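>>> Sequence unavailable; structure follows:
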């Protein structure tokens, strides 16, 4: 179905006229220049579903398993080396999760996995109280507790400390109860990442006989597919997903703690502030956008992505958006400056704030291109 | 039926087009000889008039887009509300961010989005194959409304009978909160994050055969309330039940989160146009009555109105009069955040709240650090405005032959008897006590609801009256956007408790006044039934 963007009045009139069985006099029909384009989207949708989204969640599930093993080792043998290994496992799991935020739709949302894994801010008051009255933490019990005492950031707090002065932690600072809770949290984390992986590959809701979500995304409009009625919907989902995370990074994750001046910064709003992993989070978010745009993970063989859809309409635009994505990633990474300054420090540093603003500007530019130039292509696509 | 309105230039132009072909909203277009009659709504794509979104109307962003005709200041207000809608509240005190604290102390969810995922329905809870039931936790948007049975039905509201409001359950209230902040319960060390009681969900199923032999299995949720805070460990199987919530005369009914887009338009439908559809005695003999609910209006009460009652428009039983009352009632009720319209905690005056306050040193009294309600007027207003100004998704595939046939059959089996296709919104006036913005005025909209209560039969009944609605009655659900429900949330179900996994199942649950339409649908052949579904999925 060809989808043309009409003004509201035009739509109203056109649909009204169509109801009459006519469309006005042929003599008065305006000549509309043909700015449409063709693109066969099946390969792109299949590839993005399998090689980017599902593959990313599969990687996340593997990292979740590794994370659990690392915490089990830490509990069994609480050494500094094992704490460092658990910290690295946390960072390793963080990467596919943050990259996956460019496509937060489907089971990650409907199964409530996002808030279970990534609620922010952390409720350190309740977390402290939980640790004071409990021991021997069972993952199934933890799942019944509020999201703000579990997930990535609860594990981060226990692994790295409060992050105020450093992101180092001595094993002596990690109590046996905290280690147990960390292991319980990692168990919950592992379970949810597996549920998410299974939802895309085996059954979207965990019920026997239900189709995998990935299959439903790849077959829009098929009989009984109540998820997507058309390929337009799937591409619309993917592009809007890219816009959403670019907006969130620029106007939320960075802008909220950044404030309007040094006096209005708020480090308490910095996500991943305990581990000082914020800039890696932000750049991974936009690398996730690049994964969807390019159709493959960085360094992998070329496959079809949104760039191929855009290229079919406008090669110059396709290259420009690709450059703007790369530029945003570079500018985010550059916030750390020459002395590897963490984000929570950079927002209060005069030169750091200039670098932050440069990154925000790059994100704003990218968001504008996606919203104003890429998304409208759906209306010109001859489906 | 054509009605008289003041038109903006836009709607005037549209109406000229309609009058040119003899159509007017719900009326069928004059057919040529041997042609089938298609209702005018068959061809409508812009379900929300100028508030309709086209850029996101085929994806999971279809319910989450600001109305495209908002002015710049209105868009900024809307986006403020968007942030508020996603704000997750925390236990009090939150020293770093006191603006976020005040959650609970008992609640159903910590933010709006959890019950209205991506501004749509919440996820229907799944009971795994290896379990008989699940305990409701943080991932569930479903909750129970509760009340005490009245001695006799309330038919005329007055101050003396609290305007027919449901009677709260002593020491519990009007809504069961299955979650709590860490120390909500007196026995918190044994029930971390426990609420007023534990709620368990299971399903029972039944099969419905079509005349052509095709069988559909329907499931119905069943709840069990156990371990109440006032009698820990007690269940309905316990001897000598002591808990207030487990008494025989306590009525309960599931409530599911519902989509929040297009609500300002629904509130802007002229009251007279809704009341004109009332047919309480079924005087036209079509077996469909249509009854208006009249409910307590907190906005009027706060303004000092001597008779604070308004037409009910929102909620599964039309038990709230405005988006403002609905939204801020949910902010206080579902989340536990007091606000200027509802400044008291949801459980004020109960033994649980008294116990919580004294045990925790009065740290969460429902007031912020300045003695005002927990949510500011600015936050509250923006969240209300957000819900009023979300775009309506455009229809899809309207030219597909099956969709067109389905539109015709939808009318043929008289689904339009309750799911009235269109209205024109007011051209001026207030909604929720605040002046309407221009974007909502004079819009020709296609919500497919009459906004009235109907007896839907025993199968759907919860047996719990709510103002003038009896235990069998439910408000006609707007159908706009229904085809995007599972695009927005793949785990979403339909009806007041999410029991229907598909639109077809939802149709098959229709009984009471909708029985003839349901039977008419069931009498269609399979291809025709699919066409009706195709039409609904195009909305």
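Arrived safely, thanks for sending. These numbers were taken from a predicted model, which means no experiment stands behind them. Residues are numbered from 1 along each chain as shown, chains lettered A, B, ... in the order given.
>>> distance of the spatially most central residue of chain A from chain B?
Computing the C-alpha centroid of chain A and ranking residues by CA atoms, centre = their mean puts residue A:101 first, at 0.6 Å. Residue A:101 sits 14 Å away from chain B, going by CB to the nearest CB, to the nearest Å. C-betas here are computed from N, CA, C, even on glycine.
>>> which residues touch that residue?
A:245, A:248, A:285, A:288 (CB atoms under 8 Å, 6 or more residues apart in numbering or on different chains).
>>> interface residues of the stretch 401-539 of chain B facing chain A?
Proximity of the stretch 401-539 of chain B to chain A (CB under 8 Å from any CB of the partner chain) is limited to residues B:444, B:483, B:485-487, B:489-492, B:502-503, B:537.
>>> ok, now with 7 Å
Counting by CB under 7 Å from any CB of the partner chain, the stretch 401-539 of chain B comes close to chain A at B:486-487, B:489-491, B:502, B:537.
>>> Among the contacts of residue A:101, name the ones in helices.
Counted as lying in helices by DSSP state H, out of the contacts of residue A:101, are A:245, A:248, A:285, A:288.
>>> Where does pLDDT dip in the chain?
You didn't say which chain, so I picked chain A. Across chain A, the ranges flagged by pLDDT under 70 are A:1-29.
>>> try again with chain B
Ranges of chain B meeting pLDDT under 70: B:1-33.
>>> And the furthest pair within the residues of the stretch 401-539 of chain B next to chain A?
Largest separation among those by CB to CB: B:491 and B:537, giving 17.4 Å.
>>> Assumed residue A:254 was part of a helix.
Yes - checked against DSSP: H, G, I helix; E, B strand; the rest coil, residue A:254 lies within a helix.
>>> how about stretch B:192-212, does it reach chain A?
Yes - contact of stretch B:192-212 with chain A (CB under 7 Å from any CB) involves B:192-193.
>>> Buried ones in that stretch, by neighbour count?
B:192-201, B:203, B:210 (16 or more other CB atoms under 10 Å in any protein chain shown).
>>> OK, now which residue of the stretch 101-250 of chain B is nearest to chain A?
Nearest residue of the stretch 101-250 of chain B to chain A: residue B:139, at 3.5 Å (CB to the nearest CB).
>>> Identify the residue nearest that residue in space, chain neighbours excluded?
residue A:112 (3.5 Å; CB to CB, 6 or more residues apart in numbering or on different chains).
>>> got a list of what residue B:96 touches?
By CB atoms under 7 Å, 6 or more residues apart in numbering or on different chains, the residues touching residue B:96 are residue A:268.
>>> mind listing the helices for the stretch 351-500 of chain B?
Counting by DSSP state H, counting those that start in this stretch, the stretch 351-500 of chain B has helices at residues B:351-359, B:377-388, B:401-412, B:485-488.
>>> Give the other helices and strands that the last one contacts.
By that I understand helix B:485-488. Packed against helix B:485-488 by the contact rule (3 or more CB pairs under 7 Å, 6 or more residues apart in numbering or on different chains; DSSP states H and E) you find no helix or strand.
>>> can you list contacts of that helix?
Counting by CB under 7 Å, 6+ apart, A:226-228, A:233, B:59-60, B:62-63, B:118, B:120-121, B:492, B:494 sit against helix B:485-488.
>>> please redo it, this time with the cut-off set to 8 Å
Contacts for helix B:485-488 (CB under 8 Å, 6+ apart): A:226-229, A:233, A:237, B:58-60, B:62-64, B:117-121, B:259, B:492, B:494.
>>> after it comes which helix or strand?
Once the chain leaves helix B:485-488, the next helix or strand it forms, by DSSP states H and E, is helix B:503-509.
>>> if we look at that following helix, which residues are touching it?
Contacts of helix B:503-509 with the rest of the structure, by CB under 8 Å, 6+ apart, involve A:226, B:208, B:216, B:218, B:456, B:459-460, B:482-483, B:494-495, B:499-500, B:518, B:521-522, B:529, B:532-533, B:536-537.
>>> ok, now which ones touch residue B:313?
Contacts of residue B:313 (CB under 8 Å, 6+ apart): B:266-267, B:274, B:320-322, B:451.
>>> can you tell me which two in these are farthest apart?
B:274 and B:320 (14.6 Å).
>>> For the two, indicate the residue with more neighbours.
Remark: of residue B:274 and residue B:320, residue B:320 carries more neighbours, 25 against 21, as counted by other CB atoms under 10 Å in any protein chain shown.
>>> neighbours of residue 361, just the number please.
Using chain A here. Residues within reach of residue A:361, counting by other CB under 10 Å, total 14.
>>> other chain: chain B
Counted with other CB under 10 Å, residues neighbouring residue B:361 total 7.
>>> Distance-wise, check it relative to residue A:215.
Distance of residue B:361 to residue A:215, given as CB to CB, to the nearest Å: 55 Å.
>>> same check, this time on residue B:48
Taking CB to CB, one finds residue B:48 at 32 Å from residue A:215.
>>> between the two, who's got more neighbours?
A direct count of neighbours by other CB under 10 Å for residue B:48 and residue A:215 places residue B:48 higher, at 29 against 16.
>>> Apart from its chain neighbours, what residue comes closest to that one?
residue B:392 (2.7 Å).
>>> Report the contact partners of the one you found.
Here residue B:392 is in contact with B:47-48, B:51-53, B:67, B:261-262, B:265, B:445, B:480-481 (criterion: CB under 8 Å, 6+ apart).
>>> Hmm, residue A:145 is touching residue A:130, no?
Yes - here residue A:145 reaches residue A:130: they are 7.4 Å apart, a contact under CB atoms under 8 Å.
>>> what touches both of these two?
Overlap of the contact sets of residue A:145 and residue A:130 (by CB under 8 Å, 6+ apart) consists of residue B:192.
>>> The longest helix seen in chain B: which residues count as buried?
As assigned by DSSP H, the longest helix anywhere in chain B is helix B:72-86. When neighbours are counted by 16+ other CB under 10 Å, the buried residues of helix B:72-86 are found to be B:74-75, B:77-78, B:80-82, B:84-85.
>>> Now distance to chain A too, for those, in CSV please.
Listed next are the buried residues of helix B:72-86 as CSV, based on distance: CB to the nearest CB, whole Å:
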residue, distance to chain A
B:74, 16
B:75, 13
B:77, 16
B:78, 14
B:80, 12
B:81, 15
B:82, 11
B:84, 13
B:85, 14
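>>> Quick check: residue A:317 is in a helix.
Yes - per three-state DSSP, residue A:317 lies within a helix segment.
>>> Neighbours of it, how many?
Close neighbours of residue A:317, defined as other CB under 10 Å, add up to 16.
>>> Next up, phi/psi of residue 40, please.
Answering for chain A, as no chain was given. Recorded main-chain torsions at residue A:40 are phi -90, psi 110, according to degrees, to the nearest 10.
>>> Need the three-state assignment for residue 126.
No chain specified, so I'll use chain A. Per three-state DSSP, residue A:126 ends up helix.
>>> The intended chain is chain B.
coil.
>>> so what's it up against?
So residue B:126 contacts A:205-207, B:134, B:491 (CB under 8 Å, 6+ apart).
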